[in-house]
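**Student:** okay, sequence plus prediction incoming.
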Amino acid sequence: MNLSLELMLQLCIILPLITTLGIVATGRNQNLREGVTISAALLVFYFVINLYHGLQQGKHINVHWGQIIPGMQLSFTIEALGMIFALIASFLWFITTIYSIGYMRSHHEKNQTRFYCCFAIAIGCVMGIAFADNLFTLFIFYEVLTLSTYPLVTHAGTEEAKKGGRIYLGILLSTSIAFFLLAIVSTWFIAGTVNFEPGGIFGPEPDIMIVSVLLVLFVFGIGKAAIMPFHRWLPAAMVAPTPVSSLLHAVAVVKAGVFTVLKVCVFIFGIDLLDKLPSTQFLLYLAGATVLLSSLVAMRQDNLKARLAYSTISQLGYITLGALLASSSGVIGSSMHIATHAFGKITLFFCAGAVLVAAHKSKISEMGGLGRQMPITMVAFFIASLSIIGVPPAGGTWSKWYLLLGTMETEQWILMAVLMISSLLNIVYLLPIPIRAFFPANKASIGDVQIKEAPLPSLIALCITCLMCVVLFVYPQPLYELATSIMETSGVVHGQ
Amino acid sequence: MLVHLPILQVIVPLMAAPACLILGRPRLVWLFSLITSGIAFLISVSLLRQVMSAGTISYVLGGWSAPWGIEYRIDELNAYLLLIISAISTVVLLAAQTSIKKEIPKDRHTLFYVLYLLSLAGMLGIVATGDAFNVFVFLEISSLSAYSLISLGKDRRSLWASYQYLIMGTIGATFILIGIGLMYQMTGTLNMEDLAVRLPEVTHTRTVFVAFAFFIVGVCLKLALFPLHMWLPNAYAYAPSIVTAFFAATSTKVAIYLLIRFTFSIFGISFSFTTLPLQTIFLTLGLLGIFVASIAAIYQKNVKHLLAYSSVAQVGYMIVGYSISTTTGLMATLLHLFNHALMKGALFLAVGAVMYRVGSTQLRDFQGLGHQMPITMAAIVVGGLSLIGVPLTVGFISKWYLLLAAIENGWWPIAILILLGSLLAIVYVWRIVEAAYFKEPLIDREPVKEAPLTFLLPVWVLVTANIYFGVDTRLSVQVAQAASQSLFGVSP
């Protein structure tokens, strides 16, 4: 195909949206419908890869969709950070669709057409967020993402789903309207622009107090980053079917949050300005507290998905923390962590879903001895856990390495200690699950021999993502290069 | 012909109203009313184009030149309002024939259209005229027909609601008349343009203060500013659905137009906002209105009541924008006039569709409608999102400008309060959504079908407009900006 890069970029956003029509049209035939989704996912991934090559060749792409309000343009561009996000999201859309085929069918979920539709819209929004060239564009897709995932969260339609959905929508919409929008309008008023620009947009001599408050508004307003005390929506959203939890709450939605935080820190404030703001230190400690507290809460959860949800909150805290460190290592670590955590956490969720489908178990205490029946799933769980903890041979090692380096560079010793302790806590709450599965405490609980591995599509999907965790350890160069080029394009001398 | 457009705008529906009586057959009358309203809409479009390209149009009635004769004066503000009113009226009329079949006895159908057109003519007249007394005359025409329209409701409580509105509305109209009378006494003129010239000479007198006070209170009664809104929820809830949709989208807007016209063009900004503490009063009442009415909306059991309280809250937003009294603030108000007409038109019309099928608008009767009337409910969801102010809907545009206006003035607490107010909107909108999608239908309610096309079409025209004008804001923003700048005397 000889499409221009500009067109490909637009197609990345539009194609998922158009796909919904195809999904609705083919809704009656399951195979055809899923075929449509998969081919769309592959196409989008192909486009993103092409854009990635374009970026590597140093091409500049700008697409304008016209103004909504005078001065407020809908415009898109490609840049390294967005590229990382887009690559992950489009790749994992494809993988998750494969996984969903196995999961949704064997779980006999209703309204699957609606499920695939909302999924596609959500991915379109993620692409819009990843490629957004200004805050305004980003905000629009951010809000639509919230709304399009609401039907996914409440998919079951039960009382519990309604309650979960209420918290989900309530927190995400409230924070974005009350803080994020206010911050954007204020930024527009103070700086006269909301474009993402290397080095920030507030100019050399901004009013430190006001900008400080703005930073707080941004960090709280981006509720998707789940900084405490606005994290409650994430565990609440776990009522959703597992494929939704995995893609949206380990990848798309939460990563849209931390991606926005990173983007705001680097391209709206600029790390030089960030360093001078009095509120940065406060927010750093808040992020540190989020990391630590949610790890502690995760330890007390017996429901596997809930434990993973709190683990996600903690890992998101890492990324926010890295972004606020205002050092290049911090930003590199954060952006790499977006990728490594995505693969690690999605594998964990896939495994949780596989256990639910195959063994009908959602409680950790019931999973002892499951390694016999579901060896592949549990091995994958083990490797992904290593990635989350940040030890070889998994990708998480590198991102945590750079985050630690960032805390040392900026001499934030307390935060360094927080990161180390939290990694230890990760071991405590993740590793016992696969270990108990293979070496149950009492032999009697080995139980049902009827249990087999999850359906093949699901198994393939979780193997691929697990493999990616290892690949990111062995071959992290492309990711690292993208991450470092964020800082280079932002005009800051790359200091080690 | 083109020269006479300002008067045709008013006279066409005014003359068409009695003509309905001659036609007699309900279906024919409906078609005739629809065409009349359509013509009014075309006239308003053409007027707006003329004004935007060539500036203010002055039309002297019967050739008697102002200030002796009656003058119709169309500037950006009037043309904008005329467009809103006639457009909403036309779209709403599309569904009228279907809707009133269920809600109004057959022998009163013709009467309904007569009153509807009279009310339309009255509102268009208030906006188009440049004569203060004429304002009062048209106000009475539109109000009297409004009282009768509301009393046509099927529910017997509509009589009480109509009576309540009659009393409050008459007090309001009387106050306005007293205000205008005192102005006439002091200046000897009724022409607005002329009043604006002569009033400054006598602003120090107590009579002018009294005139101003009477007029403002009268108008505030009409626009349902908290705490003078008591008539509105019942009137909207018990009126026939079509009437509610039409009035919710237009009637309070007309009153806000009067407020803007008299304070900005006639009394002048310095008198209204500097000599008198109008800014503080309106800001406080506007904010109180937003919160009290939004919270009241949350606790309503009837969806029409819920939306009616939400209307009171939305009026609060308009008043807050107005009280900021900068070009951006006024622009936010004018944008919200337009946008709110679209939202509430769509919402009330969709609720009308539910009324048509289910026969009730109680929240509990909405249970399960998400599956039984998916297209109508989708319209309510989009309308609700617009009410909340989600991006890509018109609600977002109004909120953006209102926020910007508050921040430009350095009113940070106000900006925060405005945003907190819209969080309340999430709560009351979501009560409808959750009832429709998450609850099983009541056992004693028969399953219903999707609303007929005659409903779906106008509802979705308005819903599409909600999205279209949320994405392509050139028309609304340009006109609102031009109107607001000309009111502030800034040359664009």
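**Tutor:** Structure's in. What do you need?

**Student:** grab the nearest non-local neighbour of A:V418.
**Tutor:** A:G288 (4.4 Å; C-beta to C-beta, 6 or more residues apart in numbering or on different chains). Where you see a C-beta, it was placed from the backbone N, CA and C, and this is true even at glycine.

**Student:** kindly report the same for A:H249.
**Tutor:** A:A237 (5.6 Å).

**Student:** A helix includes the one you found, no?
**Tutor:** Yes. Using DSSP: H, G, I helix; E, B strand; the rest coil, the assignment for A:A237 is a helix.

**Student:** would the residue nearest to A:V418 count as being in a helix?
**Tutor:** Yes. Counting by three-state DSSP, A:G288 is part of a helix.

**Student:** tell me the secondary structure for A:H155?
**Tutor:** Taking three-state DSSP, the label given to A:H155 is coil.

**Student:** what sits against the residue nearest to A:H249?
**Tutor:** By C-beta atoms under 8 Å, 6 or more residues apart in numbering or on different chains, the contact list for A:A237 reads A:153, A:164, A:167-168, A:245, A:248-249, A:309.

**Student:** next step: those residues restricted to helices.
**Tutor:** A:153, A:164, A:167-168, A:245, A:309 (DSSP state H).

**Student:** so which bits of chain B are right by chain A?
**Tutor:** Chain B has residues B:385, B:388-392, B:397, B:399-401, B:403-404, B:407-408, B:415-416, B:419-420, B:422-423, B:426, B:430, B:434, B:437-438, B:470-473, B:477 near chain A, with proximity defined as C-beta under 8 Å from any C-beta of the partner chain.

**Student:** what values do phi and psi take at A:T77?
**Tutor:** phi -150, psi 170 (degrees, to the nearest 10).

**Student:** show me what the host helix or strand of A:I421 is packed up against.
**Tutor:** Here A:I421 is covered by helix A:413-430, with elements defined by DSSP states H and E. Secondary-structure packing of helix A:413-430 (3 or more C-beta pairs under 8 Å, 6 or more residues apart in numbering or on different chains; DSSP states H and E): helix A:278-299, helix A:304-324, helix A:375-389, helix A:396-409.

**Student:** buried residues in it?
**Tutor:** A:415-416, A:418-419, A:422-423, A:425-426, A:429-430 (16 or more other C-beta atoms under 10 Å in any protein chain shown).

**Student:** between those residues, which sits nearest B:L306?
**Tutor:** Nearest to B:L306 out of the buried residues of helix A:413-430 is A:Y429 (C-beta to C-beta; 45.2 Å).

**Student:** show me what contacts A:V185?
**Tutor:** B:400, B:403-404, B:407, B:415.

**Student:** so what's the closest residue to it other than its chain neighbours up against?
**Tutor:** Distances taken as C-beta to C-beta, 6+ apart place B:L403 nearest to A:V185, at 4.6 Å, with adjacent residues excluded. The contact partners of B:L403, by C-beta under 8 Å, 6+ apart, come to A:181-182, A:185, B:415, B:418-419.

**Student:** tilt between the helix or strand where A:F259 lies and helix A:304-324?
**Tutor:** Under DSSP H and E, the secondary-structure element containing A:F259 is helix A:253-263. If you take axes from the mean of the first three to the mean of the last three C-alpha atoms, to 10 degrees, helix A:253-263 sits at 10 degrees to helix A:304-324.

**Student:** what's helix A:253-263 packed up against?
**Tutor:** Using 3+ C-beta pairs under 8 Å, 6+ apart, helix A:253-263 is in contact with helix A:80-106, helix A:112-131, helix A:135-153, helix A:304-324, helix A:328-359.

**Student:** redo the ones you listed as JSON lines? Include mean neighbour count.
**Tutor:** Formatted as JSON lines, the helices and strands packed on helix A:253-263 follow (neighbours: other C-beta atoms under 10 Å in any protein chain shown):
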{"stretch": "helix A:80-106", "mean neighbour count": "24"}
{"stretch": "helix A:112-131", "mean neighbour count": "25"}
{"stretch": "helix A:135-153", "mean neighbour count": "24"}
{"stretch": "helix A:304-324", "mean neighbour count": "27"}
{"stretch": "helix A:328-359", "mean neighbour count": "27"}
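
**Student:** quick one: which of those helices is nearest chain B?
**Tutor:** helix A:135-153 (4.2 Å; C-beta to the nearest C-beta).

**Student:** and the closest one, how far out from the chain's middle?
**Tutor:** The chain centre lies 14 Å from the centre of helix A:135-153; the measure is C-alpha atoms, centre = their mean, to the nearest Å.
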